[in-house]
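Asks: sequence isn't available, so here's the structure alone:
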């Protein structure tokens, strides 16, 4: 949360965020808390506080309810906030316990308007420091409180369509008022609400008179009652539409009575028309509070019931001069006929932006003028595309997995030729989609972090990492300011393939060790003087050209098997071994600056021996429908391209061969030959051609047809206390953002929710890379 928290006075808070009302406040309302007893037990704070607000009438039209003991069933979590303010008619009611007694009302994340959390101690549990320059909590207990309130806010944002959320935090005799949006937190200075109740009373009075949009309600989303015209249309569409995967997913989104249905507006940027789509429960929700907050829906056109299902993406995109809207990128890719990417239908901003970043400079006047605001500005944005894909994890066998990767690599290559680089290759962004013949191909999705290749900025454009932590290259993880290049993206494709293979294909890692392997390779980190860096295992794999893990007290080389219990090698081993050899050479070459000029230009590609491969005519048609440079002079053209790139200054210096003619090898001895071989292998990652050729040739091997098994990833993740350091504790909380959870893709500090019975720690599953 570094730089994401701003502490301001109560007067400034009210002036910035809570407009005044002409209605006179009830007399004496500022003193309604003055006679409340000081409590040493938290639970005894709830009732008197809620009664004081309700009885005083300072929040007309709303009800204050204690909900501390029961979580919201539809959230899948037992977490419950102490109290909440709900609009009258939406307030949760008391429930009858099994013994017949009347129990506390449950928290309702989908209707709560203002969250209230209570702590008995004003300092030990205060999640903020008063110092404006260092507002982040320093102690474990204070960090727990921050993680807790962020976790609750995340539930609100997940279950509602909101632009921001207000919260009141009672700390013994003191209080703070908070405003939370996708950029950060603004909180008031701590004040004694018993002796100085004016700020709290005024806030509640103004809050009750705010319009929905001023309370943070997203007015571009309308609730759809199940018995309404639109509700009946949704149910009819789920029953009668063509029976395919899109209909099945839409039907799943309508199941259950707890999750609300919505009519979402899309302001089409091209036609300037307001389009409307009906959605149920999102099939994907990015974990985290700060960031893009992406949600994905299978949607129905509300104005054209006969239209096929489409995919609607709701997100808070980063506003930056050098970041194009995803729809604009897709439009360009579609225009240039880039294959295996979504087809744009509609897109546009909704006119809603975060305010925290705009106000940061105003309330941090001592910050250097050249200091970049640590808060990103986000704009609410919706995108509709034609294709409704399914997660990569639903592949049927390794041949289908390989084909999906090949298609997406092809899409990436063609997009790169068109001047666009994706920059967020992840398991969640590679989808399966049937072509016209019903063959499940790959669909490279989520282009919102892409950029134009012509942009030669030496560093990244944002104040922290861009991408998905688990699948970023080791070099990108080690340097958050690194400009993402083709080699990084090709490495990300490898990490995706390895991640899916470890989870679903047979291999020599015991099932009870898979969680540890996934954690150390994909989730782990190292602390450095520059912050958090790539984990040791991934970095070692790239540098050494092999994936080695501990099992039974011994170092074991990861090997995939034809079938469970078999000793026959899986053909994927040959693909992975070749790629790891290339990555190893690339890392060695780029790391060894002393020998940059000792290179060989022998660029002859190595071919893998073919075995009897796929005979599926549809797959062969896809593979043959390409313009890969497989002819005999392709490597000579590549050599000329490299020399031309060298002269233009666009080829990475450490990979540029000298001006010897192709085939001429230095006679300086074995060391020179070895270094030349490294450069030859490293050059295979200079563009997509060698990797496309490798995957294409892999289809000539024999592949098992039923090698996919159950998911070996532990249901509750892998997070042993013995290996849990403070950073991994932090990323379990709600502010983790998209580095974990897919998509939110930016590594930021966050905090662990407390482990009290009513607020259980969040499962590591919640921050795992691809909850799809």
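Replies: That came in fine, so what should we check first? Predicted, not measured: the structure shown is a model, and the values here were computed from it.

Asks: pLDDT value on the nearest residue to residue 560 once chain neighbours are set aside, please?
Replies: With sequence-adjacent residues excluded and distances taken as C-beta to C-beta, 6 or more residues apart in numbering, residue 560 is closest to residue 570, at 3.7 Å. Heads up, the C-betas are built off the backbone N, CA and C, glycines and all. At residue 570, the model reports a pLDDT of 97.

Asks: and what of residue 457?
Replies: In this model, residue 457 carries a pLDDT of 49.

Asks: next one: residue 132
Replies: Model confidence at residue 132 (pLDDT) stands at 66.

Asks: same for the one helix or strand residue 672 maps to, what does it pack against?
Replies: For residue 672, the host element (DSSP states H and E) is helix 670-682. In terms of contacts (3 or more C-beta pairs under 8 Å, 6 or more residues apart in numbering; DSSP states H and E), helix 670-682 is packed against helix 572-591.

Asks: show me which positions of the helix it packs on end up buried.
Replies: Of the residues in helix 572-591, 572-576, 578-590 count as buried by neighbour count, 16 or more other C-beta atoms under 10 Å.

Asks: that one versus helix 670-682: what angle between them?
Replies: 120 degrees (axes from the mean of the first three to the mean of the last three C-alpha atoms, to 10 degrees).

Asks: can you spell out which helices and strands pack onto helix 572-591?
Replies: helix 398-417, helix 474-478, helix 486-504, helix 536-544, helix 670-682, helix 689-698.

Asks: quick one: residues in contact with that helix.
Replies: Helix 572-591 is contacted from outside by 398, 402, 474-475, 487, 491, 494, 497-498, 501, 505, 541-547, 559-560, 606, 608, 652, 654-655, 677-682, 684-685, 690-691, 694-695, 698, 701, using C-beta atoms under 8 Å, 6 or more residues apart in numbering.

Asks: by how many degrees do the following helix or strand past that helix and helix 689-698 diverge?
Replies: The C-terminal neighbour of helix 572-591 among helices and strands, as given by DSSP H and E, is helix 617-624. Inter-element angle recorded for helix 617-624 and helix 689-698: 160 degrees (by the same axes, to 10 degrees).

Asks: name the helices or strands packed onto helix 617-624?
Replies: Using 3+ C-beta pairs under 8 Å, 6+ apart, helix 617-624 sits against helix 398-417.

Asks: quick one: mean pLDDT over the helix it packs on.
Replies: Here the average pLDDT along helix 398-417 is 98.

Asks: now do that helix: which elements does it pack against?
Replies: strand 430-434, strand 440-444, helix 486-504, helix 572-591, helix 617-624, helix 689-698.

Asks: try it again at 6 Å.
Replies: strand 440-444 (3 or more C-beta pairs under 6 Å, 6 or more residues apart in numbering; DSSP states H and E).

Asks: which strands border the strand it packs on, and is each parallel or antiparallel?
Replies: strand 430-434 (antiparallel) (DSSP bridges).

Asks: got a list of contacts for the strand it pairs with?
Replies: Applying C-beta atoms under 6 Å, 6 or more residues apart in numbering, the external contacts of strand 430-434 come out as 387, 389-390, 392, 404, 408, 440-443, 445.

Asks: and the contacts of helix 572-591, which are buried?
Replies: The buried subset of those (16+ other C-beta under 10 Å) comprises 398, 402, 474-475, 487, 491, 494, 497-498, 501, 505, 541-542, 545, 547, 559-560, 608, 652, 654-655, 678-682, 684-685, 690-691, 694-695, 698, 701.

Asks: would TSV of the contacts of strand 430-434 with neighbour count and distance to residue 24 be doable?
Replies: Shown next, in TSV, are the contacts of strand 430-434 (neighbours: other C-beta atoms under 10 Å; distance: C-beta to C-beta, whole Å):
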residue	neighbour count	distance to residue 24
387	18	56
389	24	56
390	19	58
392	27	60
404	26	65
408	26	62
440	22	65
441	24	66
442	27	63
443	27	59
445	28	54
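
Asks: tell me the one of these nearest residue 625?
Replies: residue 441 (11.0 Å; C-beta to C-beta).

Asks: look up how far residue 430 lies from the closest residue to that closest one other than its chain neighbours.
Replies: Leaving aside its sequence neighbours, residue 441 sits nearest to residue 407 (C-beta to C-beta, 6+ apart; 4.6 Å). As judged by C-beta to C-beta, to the nearest Å, residue 407 and residue 430 stand 9 Å apart.
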